[in-house]
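Colleague: Got a sequence here, can you build the structure:
(3 chains)
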Amino acid sequence: MKFVISAVVVAFVVVFQIGCSEPSQGVEYQDGRYAGKPDTPNWEGAAFDGNRENWEREIKRRTRLQSEYTRPGGA
Amino acid sequence: MARMKFLCDAERCIECNACVTACKNEHEVPWGINRRRVVTINDGQVGAEKSMSVACMHCSDAPCMAVCPVDCFYKTEDGVVLHDKDLCIGCGYCFYACPFGAPQFPASNASTPDGRATDWFGARGKMDKCTFCAGGPEENGSEAEFSKYGRNRLSEGKLPLCAEMCSTKALLGGDGDILADIYRERVTVRGKGSEVWGWGTAYGKPEQQSDAGSAGKQTERSS
Amino acid sequence: MVSRALFLSVWLALCSVAGGASINGGAFAAAADDSAGTQALGQAAGFSHPEVAPGTCSTCHDGMTATGMSANHPATTASCDTCHSTASWIEQPLNNAPVWRAVRYGAEHSTQASGREAGVLIQSAGETWRQIRNGPITLYGGLVLILVPIAIGLFYQWKGPLQLHGQPTGRLVQRFSYWERLIHWSVAITFVVLAVTGILLLFGRSLLIPLIGHAAFAWFAQVAKNLHNLVGPLFIVSVACMFVMFVRDNVWHGIDWQWLKKAPQVLSGKAHVPSGKYNAAEKGWFWGGVAFLGLVVGISGLILDFPNFDQTRATMQIANIVHGVGALIFIAASLGHIYMGTIGTEGAYQAMRTGYVDETWAKEHHEIWFDEVKS
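Modeller: Alright, predicted model coming up:
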């Protein structure tokens, strides 16, 4: 009987875990580092050779280029 | 860290469909797959017509990720929602859940020019969607990555082609903070767009038309 | 907390289903509103609109006194002047908010892209579907799938199998013909395949991925999906055959009410109510399970299995929820049937396996049927 009761309790806990907890859809981090599924970061590769700061600077520069008010030579 | 976002300015989009074409060409997507499409609201009604380019919006709380039975999605550090085609089983749940109709399925969506499905059993192939030009789990810029997900422009320091080549700069893509700055500047220059706060309802038309910040002008001033 | 979330999500689902359905068929709402509004202004030229108090438009604009909401207007309880004004019905200058609000109702707009619902900019019902599937269906479905076997196990421990009171005579009576058994096992085998693959697709992500990893589970899930899609139509055909073949002996008779009234005593072997070829519980399983749930799961399954008829996402979301709820109830109920047909009743499994039962078994379980066979 004890076994049955504990089985029921365990089953309840497991089921409520499954049913209630939809995992978060955000970026997964652990100890401040990316911990999601393995994928090569964008800054790894021929163009940036692992230099993350350079990559971010380049992306931000290109994002800004989309504003014709501020881009060099823009009206 | 940059959070990648798309923003489409409906005041500027002229429904030229160049973003759609550029995307198809850049990624060499199969026939019938539309990673991006342009939707026109109130088509033909003068003054009320608005166009909007839409693709995967790379949501923060992505419904596709939440319902995928094989958990094939992941989010990169730049906030881009990507998926692993080796895991995808083509169940179509992400298509049910997505608000924007972004997920595409090659088998059942491969259609004749008049839009009918060509295969009768309707088995879906592996899902395909906009990758924010960031490829997939394969090595950056590799042949395998290109054939499954298309070009990886982000790893080359470039932004999504649809946004970068948009002629009216209606479609913007890139670091969300900078996009917000660009759009805020546009709203200021236009003297229009404050309707998002409901001012149009509260204050109506300006009583006096003056040059500075005159509302309702069709063209933006570029001082 | 959990039940509140359930009620909320079901309520939201009903709202969005009702709202969505009324819009999908029509053209974009604003077009109709425009002409209606202009007309109303023209007719009521003598009426001084500026004196109308805010929020009271609908006291006249109710569709009787003056033009009201058109048939394809997005469902709303908000006052008219939230979006419209007297001076300009469709378009307030500078105010695009009504346009974007209308987009949320999933109307089909114009687009050059081909494909199903390509003109829909935003469909909000997907989020509701996600909340129902990832919420109540997984939660209560999982609960049922665990509690029912536990209850059956407890019952078995408490009472044990139903045994014959008398001695077997050794004389056999045929209970099921070859064709009846063939159909029964076709239904049974396809049902089990569908149940196992369906459970794998609903709960596998939470249960199996942590154990065997993404790649291995994706392989299983791929096999499960294809099996489920291919076996589903076979199940429907088998169920249709079963209905035709078994319906004659499952017609409800007065004696079945007596059986139902005494069901607890009958099941624990304390009382005896004679029954025909099938008793009330078996008939309940036939009508409620095979016929009704078979129909529910079958139709919703076909809608999902053959997405080639331009079903909208709203249709498939509803079909998916109906399919999930129906299938989980079906599986839970089938566990009771499987129990009674195997370890729960002595001799029952042999009856469906070989087709023959002992005369004592026939007399004790299905007396009326036995008398008919003997006479």
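Colleague: Determine the longest helix present in the chain.
Modeller: Picked chain A for this. With secondary structure taken from DSSP state H, chain A has its longest helix at helix A:2-20.
Colleague: my bad, the chain I had in mind was chain C
Modeller: Chain C, longest helix under DSSP H: helix C:214-246.
Colleague: what's the spacing between the very next helix or strand once past it and its chain's center?
Modeller: Heading C-terminal from helix C:214-246, the first helix or strand you meet, by DSSP states H and E, is helix C:254-261. The chain centroid and the centroid of helix C:254-261 are separated by 29 Å under Cα atoms, centre = their mean, to the nearest Å.
Colleague: Over to stretch B:137-154?
Modeller: On Cα atoms, centre = their mean, the centre of stretch B:137-154 falls 19 Å from the chain's centre.
Colleague: Stretch C:348-362 too?
Modeller: 34 Å.
Colleague: Mind listing residues that contact that stretch?
Modeller: C:164, C:166-178, C:180-181, C:184-185, C:340-342, C:346-347, C:369-370, C:373 (Cβ atoms under 8 Å, 6 or more residues apart in numbering or on different chains). Using the backbone N, CA and C atoms, a C-beta is placed for each residue, glycine as well.
Colleague: Buried residues in it, which are they?
Modeller: The neighbour-count check on stretch C:348-362 (16 or more other Cβ atoms under 10 Å in any protein chain shown) flags C:348, C:351-352, C:355-362 as buried.
Colleague: From the contact counts, what lies against the longest helix of chain C?
Modeller: helix C:178-207, helix C:294-305 (3 or more Cβ pairs under 8 Å, 6 or more residues apart in numbering or on different chains; DSSP states H and E).
Colleague: Just to be sure, C:Pro274 is in a strand?
Modeller: No: secondary structure of C:Pro274 (DSSP: H, G, I helix; E, B strand; the rest coil): coil, not part of a strand.
Colleague: Any idea how many residues pack against it?
Modeller: Per other Cβ atoms under 10 Å in any protein chain shown, the neighbour tally for C:Pro274 reads 17.
Colleague: For chain B, give me its nearest residue in chain A.
Modeller: When scored by Cβ to the nearest Cβ, chain A has A:Thr63 as its residue closest to chain B, at 3.1 Å.
Colleague: Do a quick rundown of the helices in the chain.
Modeller: Defaulting to chain A. Under DSSP H, chain A gives helices at A:2-20, A:52-64.
Colleague: not what I meant, chain B
Modeller: B:18-27, B:63-67, B:93-97, B:106-109, B:143-149, B:161-164, B:176-190, B:199-203.
Colleague: What does the pLDDT read for the residue of the stretch 151-300 of chain C found nearest chain A?
Modeller: Proximity to chain A, evaluated over the stretch 151-300 of chain C using Cβ to the nearest Cβ, is greatest for C:Ser206 at 4.4 Å. For C:Ser206, the model assigns a pLDDT of 87.
Colleague: residues in contact with the closest residue in space to B:Val80 that isn't next to it in sequence?
Modeller: Nearest in space to B:Val80, with sequence neighbours left out and distances taken as Cβ to Cβ, 6 or more residues apart in numbering or on different chains, is B:Phe132 at 4.4 Å. Residues in contact with B:Phe132 (Cβ under 8 Å, 6+ apart) are B:4, B:6, B:56, B:58, B:78, B:80, B:154, B:160, B:173.
Colleague: Now with 10 Å, please.
Modeller: By Cβ atoms under 10 Å, 6 or more residues apart in numbering or on different chains, the residues touching B:Phe132 are B:4-6, B:55-58, B:76, B:78-82, B:152-154, B:159-160, B:162-163, B:173-174.
Colleague: How about B:Lys85?
Modeller: B:72, B:125-128, B:136-138, B:147-149.
Colleague: Export the buried residues of stretch C:348-362 to a markdown table and append columns for secondary structure and pLDDT.
Modeller: Shown next, in a markdown table, are the buried residues of stretch C:348-362 (DSSP: H, G, I helix; E, B strand; the rest coil; pLDDT from 0 to 100):
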| residue | secondary structure | pLDDT |
| --- | --- | --- |
| C:Ala348 | helix | 91 |
| C:Ala351 | helix | 91 |
| C:Met352 | helix | 93 |
| C:Gly355 | coil | 92 |
| C:Tyr356 | strand | 93 |
| C:Val357 | strand | 93 |
| C:Asp358 | strand | 92 |
| C:Glu359 | helix | 91 |
| C:Thr360 | helix | 91 |
| C:Trp361 | helix | 91 |
| C:Ala362 | helix | 91 |
